[in-house]
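> sequence unavailable; structure follows:
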């Protein structure tokens with residue numbers, strides 16, 4: 001497979017590291033999804049592809065390797081790729097939430113429930129944190145329901161940290177998630 005010209009590259013500098021990544025980057029749904037977006041709050045980098053490129057550079061900078069690296073790269077590639085398919089005239093919840101759509105798309109590439117749940121729930125901690133700051137009330141039951149669905153809390157937390165590491169993202173929700181997880185694990 002010959003390299004694509006720079007202008008057509010959906011993720012600047014992306015070099016697939018395995019067969020799944022090679023298939024993903026050629027999937028028309030992914031290509032469309034990676035091209036979607038413009039600079040906005042939380043995503044000053046613009047397109048989903050630019051966001052993913054930033055996450056992949058962070059994975060490299062963190063020195064992730066082996067299976068954890070493969071998992072984080074897959075999550076980074078897919079987690080926001082279906083934002084372009086969200087119907088803006090409908091509430092962005094349930095089947096019309098980008099993360100639920102991304103999970104369904106990811107099911108074509110993996111049956112690993114740890115990865116699928118992480119994709120589906122990657123914005124859930126932020127939603128709980130934001131609602132808490134807006135209302136002054138922490139919905140512990142909602143947070144607990146989320147945690148009960150997450151079978152690999154270390155992977156989930158690490159991906160939320162990764163997604164929250166980009167410019168334009170408030171670091172407070174990630175710090176809050178770390179504290180909540182530590183408190184529940186008895187480490188805090």
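Thanks, I have it. Fair warning: this is a prediction, and the values are worked out from it, not measured in the lab. Numbering: from 1, shown residues only.
> and the residue nearest in space to the middle of the chain, what are its phi and psi?
Centroid check for the chain by Cα atoms, centre = their mean gives residue 79 as the closest residue, at 3.8 Å. The phi/psi pair for residue 79 (degrees, to the nearest 10) reads phi -50, psi -40.
> and if you look at residue 64?
phi -60, psi 140.
> with adjacent residues omitted, what lies nearest to it?
The shortest distance from residue 64 to any non-neighbouring residue, by Cβ to Cβ, 6 or more residues apart in numbering, is to residue 72 (5.7 Å). Any C-beta I mention is one placed from the backbone N, CA and C, and that applies to glycine too.
> surely residue 71 and residue 155 touch.
Yes - the pair formed by residue 71 and residue 155 meets the contact definition of Cβ atoms under 8 Å, at 6.2 Å.
> what residues are shared contacts of these two?
114-115 (Cβ atoms under 8 Å, 6 or more residues apart in numbering).
> list the buried residues of the least confident helix or strand in the chain by mean pLDDT.
Least confident helix or strand of the chain, by mean pLDDT, DSSP states H and E, is helix 172-185 with a mean of 92. Neighbour-count burial for helix 172-185 flags 173-174, 176-177, 180-181 (criterion: 16 or more other Cβ atoms under 10 Å).
> ok, residues contacting stretch 108-124?
20, 23-24, 71, 74-75, 78-79, 99-100, 102-103, 106-107, 146, 149-152, 155-156, 159-160, 163.
> can you pull out the helices in the chain?
Using DSSP state H, the helices found in the chain span residues 19-26, 28-35, 48-62, 66-78, 98-106, 113-121, 124-135, 140-149, 153-163, 172-185.
> turn these into JSON lines, columns for distance to residue 86.
Output for the helices of the chain, formatted as JSON lines (distance: least, Cβ to Cβ, whole Å):
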{"stretch": "helix 19-26", "distance to residue 86": "20"}
{"stretch": "helix 28-35", "distance to residue 86": "10"}
{"stretch": "helix 48-62", "distance to residue 86": "12"}
{"stretch": "helix 66-78", "distance to residue 86": "15"}
{"stretch": "helix 98-106", "distance to residue 86": "5"}
{"stretch": "helix 113-121", "distance to residue 86": "14"}
{"stretch": "helix 124-135", "distance to residue 86": "15"}
{"stretch": "helix 140-149", "distance to residue 86": "21"}
{"stretch": "helix 153-163", "distance to residue 86": "17"}
{"stretch": "helix 172-185", "distance to residue 86": "21"}
